[in-house]
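Student: fold the following.
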Amino acid sequence: MEVPAELLNDIDKHVGEDGKFVNRSEAIRASVRKTLDVLDDIDERQGRLDDDQ
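Tutor: Down below sits the predicted model:
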């Protein structure tokens, strides 16, 4: 997956000893997970989620 340098630079601000994340991969995974959770919440409110999900 290609990620624009601008986004990577923003992510890197949150990585390292003084950051919230240990490494860039962890930061990207957390961001994707949070985005998917938000999308699930929206889908649930709109009645678009199956009971199996």
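
Student: which element, helix or strand, includes the residue lying closest to S31 once chain neighbours are set aside?
Tutor: The spatial neighbour of S31 that comes closest, neighbours along the chain excluded (Cβ to Cβ, 6 or more residues apart in numbering), is I11 at 7.4 Å. For every residue, glycine as well, the C-beta is placed using N, CA and C. When elements are assigned from DSSP states H and E, I11 belongs to helix 5-12.

Student: please work out the angle formed by the directions of the following helix or strand past that helix and helix 5-12.
Tutor: Using DSSP H and E, the next helix or strand after helix 5-12 towards the C-terminus is helix 24-45. In terms of direction (axes from the mean of the first three to the mean of the last three Cα atoms, to 10 degrees), helix 24-45 departs from helix 5-12 by 100 degrees.

Student: tell me how far helix 24-45 lies from the chain's centre.
Tutor: Helix 24-45 has its average C-alpha position 5 Å from the chain's average C-alpha position, going by Cα atoms, centre = their mean, to the nearest Å.

Student: so how many other residues sit close to V3?
Tutor: As a burial measure, the neighbour count of V3 was computed by other Cβ atoms under 10 Å and equals 10.
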